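Peer 1: Got a sequence here, can you model it:
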Amino acid sequence: MLIIVDKRIPKEAKERLAKMGDLCLFATEKIVYEAISGHPDIFIFQKDNAVILAPETPKYVIKKLQQYRVDITFGKSHLSEKHPQTTPYNVAYGDGLFIGNKKTCDETILSLSSDEAWLQSPQSYARCNTIVLDKNHIITSEVTVANSMANSLFINPKEIILASYPNGFFGGCVGLYKNKLYLIGSLKHHSQQSEILQYCNKLNIEIMELYDGDFFDGGGIFFFD
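Peer 2: Next up is the predicted model:
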């Protein structure tokens, strides 16, 4: 199994992920701004075992994806340091549901979504904010998206770490793989611990804590068989 994650996540989290599979540490320079330069969700849109990649995706990451026979398509939008040129690939997906901002999304993703459901997000960093558990259940740090779905769970982002910024977002702290939600952090460090546990337990989703610390926004965790 291939796992892609920001190289700057806490050491303990990297060590635990490395025991699970082939860990690919993501990093870039002078493409987007520093805080998100290693965030995979800025460069990679994933739908099952297929991806749409920003043209600026590092070659070593592309090579790793090819080794695992991931279906790769390159998007048409180029990334740069200023918003919204940092967001074309930052779209959440799961179980037939896309969540993103159509105004800033790469057209290749829009074409891919034509036959499936789309939930419009006013926030262009939709994958940073949101993880789709199934088509009826999401966990998100975007209040408008949370209010658009009856069975959503809103997570206060003020308790999430993102270097150089007041806070990060919940989607950037997690990755979903085979009914397990991998969390860069420990629930005991967030005031909504019981809510998150109850929500995931209801869906028979197990939470796997990757390190004993505050929720850390690393741009998500991407898993490929």
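Peer 1: need the helices for the protein, in chain order.
Peer 2: Secondary structure of the chain (DSSP state H): helices at 11-18, 40-43, 59-67, 107-112, 126-129, 143-147, 193-202.
Peer 1: what about the residue lying closest to D214 once chain neighbours are set aside, neighbour count?
Peer 2: Among residues not flanking D214 along the chain, H189 sits closest, at 4.8 Å (Cβ to Cβ, 6 or more residues apart in numbering). C-beta here means a position set from N, CA and C on the backbone, and glycine is covered the same way. Residues lying near H189 (other Cβ atoms under 10 Å) number 16.
Peer 1: swap in A150?
Peer 2: 7.
Peer 1: swap in the one 3 residues further on?
Peer 2: The burial metric for L153, expressed as a neighbour count using other Cβ under 10 Å, is 20.
Peer 1: Let me see the contact set for L181.
Peer 2: By Cβ atoms under 8 Å, 6 or more residues apart in numbering, L181 lies in contact with I131, L133, V174, G175, C200, I205, E206, I207, M208.
Peer 1: Show the pLDDT at D115.
Peer 2: Looking at D115, its pLDDT reads 89.
Peer 1: Grab the most central residue of this structure for me.
Peer 2: Note on the chain: the residue nearest the mean C-alpha position is G220, at 3.5 Å, using Cα atoms, centre = their mean.
Peer 1: For the closest residue to Q66 other than its chain neighbours, give the beta-bridge partners.
Peer 2: Distance criterion Cβ to Cβ, 6+ apart; nearest residue to Q66, sequence neighbours excluded, is I72 at 6.9 Å. On the basis of DSSP bridges, I72 is bridged to V51.
Peer 1: contacting residues for I72?
Peer 2: So I72 contacts A50, V51, L53, I62, L65, Q66 (Cβ under 8 Å, 6+ apart).
Peer 1: circling back: nearest to F216, out of the helices of the chain?
Peer 2: Closest to F216 of the helices of the chain, according to Cβ to Cβ: helix 11-18, at 7.4 Å.
Peer 1: neighbouring contacts of that closest one?
Peer 2: Identification of contacts with helix 11-18 by Cβ under 8 Å, 6+ apart yields 3, 5, 7, 23, 25, 182, 184, 210-213, 216, 221.
Peer 1: 10 Å instead, please
Peer 2: Residues outside helix 11-18 that contact it (Cβ atoms under 10 Å, 6 or more residues apart in numbering) are 1, 3-10, 23-25, 175, 182-185, 208-213, 216, 218, 221, 223.
Peer 1: Can you dump the C-alpha atoms of that helix in PDB for me?
Peer 2: Only the C-alpha atoms of helix 11-18 are listed here, as PDB (Å, rounded to 0.1, in the frame of the first residue of the first chain):
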ATOM      1  CA  LYS A  11       7.600  12.100  13.700                       C
ATOM      2  CA  GLU A  12       5.500   9.700  15.600                       C
ATOM      3  CA  ALA A  13       2.700   9.900  13.000                       C
ATOM      4  CA  LYS A  14       5.200   9.200  10.200                       C
ATOM      5  CA  GLU A  15       6.600   6.200  12.000                       C
ATOM      6  CA  ARG A  16       3.200   4.700  12.500                       C
ATOM      7  CA  LEU A  17       2.200   5.200   8.900                       C
ATOM      8  CA  ALA A  18       5.500   3.700   7.700                       C
END
